[in-house]
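1. give the three-dimensional model of this entry:
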Amino acid sequence: MEVWRAPDARGKQGMSHAMTTDRVSALVFLAFSIAYGVLATEIPVPPFMSSEPFTPRTMPYALSALGIALALAMLATSGPPRRARTEARAAEDLGADAEAAPPPEKPKAPEMRWGKVLILAAVMCLYGLTLKPLGFIVSTSLFLIAGYLVLGERRVWILLAASIPIVVAFWALLTQLLGIYLDPGALFSWLGGR
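-> Numbers count the residues shown, from 1 in each chain. As a prediction, the model looks like this:
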């Protein structure tokens, strides 16, 4: 999105390259990423982990660096759209006496479906409430299935294939590879689990 100037004394209308919403967004994201990286230096690292390659600071540093790189890429590519540049050059080529081309119309934003947003928020709250009684695998699978249903997916095989294998793989990554304890839930204990 670009910012348009009012016509000048000669009736010429052009683009202001000062600050577009893309550039403002990129600068805000850059400031956030830098602040996140600075705050990550305050995360305490236990003495026994100081020589480890992966510490509590590793992921925040990586996310901060990734955010800075993305913000800089956004800044580098946030010029006026090609169509607007072409129209502005064509208006300049016509001369000072010719009528300048009107600014291109802004694309209309899609309508926000607040009902779906509120239902998804309710499903997230319900997920938080069911995590302890049902356990990670069951409650997360149900959460993903409910989310897909809210978003419009109705084919049962896709609902199951897009939720259960992902949840089991994520559970295996967290518990088996990273050694993070995930509570199996009261349902597991009630069914005779350890």
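2. and the gap between S141 and M112?
-> 28 Å (Cβ to Cβ, to the nearest Å). (Each C-beta comes from the backbone N, C-alpha and C, glycine too.)
3. where does the protein dip in pLDDT?
-> The chain contains residues with pLDDT under 70 at 1-19, 79-103, 109, 193-194.
4. what segments of it are helices?
-> Applying DSSP state H to the chain gives helices spanning 21-40, 58-76, 82-94, 114-134, 136-150, 156-161, 164-172, 186-190.
5. which helices and strands does the first one pack with?
-> Counting contacts by 3 or more Cβ pairs under 8 Å, 6 or more residues apart in numbering; DSSP states H and E, helix 21-40 packs against helix 58-76.
6. tell me which residues are up against the helix it packs on.
-> Residues outside helix 58-76 that contact it (Cβ atoms under 8 Å, 6 or more residues apart in numbering) are 22-23, 25-27, 29-30, 32-34, 36-37, 39-40, 43.
7. repeat that for stretch 118-134.
-> Looking at what lies outside stretch 118-134 - Cβ under 8 Å, 6+ apart - the contacts are 138-140, 142-143, 146-147, 150, 183, 185-187.
8. domain map for this structure?
-> The record's domain parsing of the chain by automatic domain parsing lists 3-94, 114-190.
9. out of the ones you listed, nearest to K108?
-> With Cβ to Cβ as the criterion, K108 lies closest to domain 3-94 of those, at 15.5 Å.
10. thinking again about what came up before, what about S141 and M112, which has more around it?
-> A count of neighbours by other Cβ atoms under 10 Å puts S141 above the other of S141 and M112, at 20 against 8.
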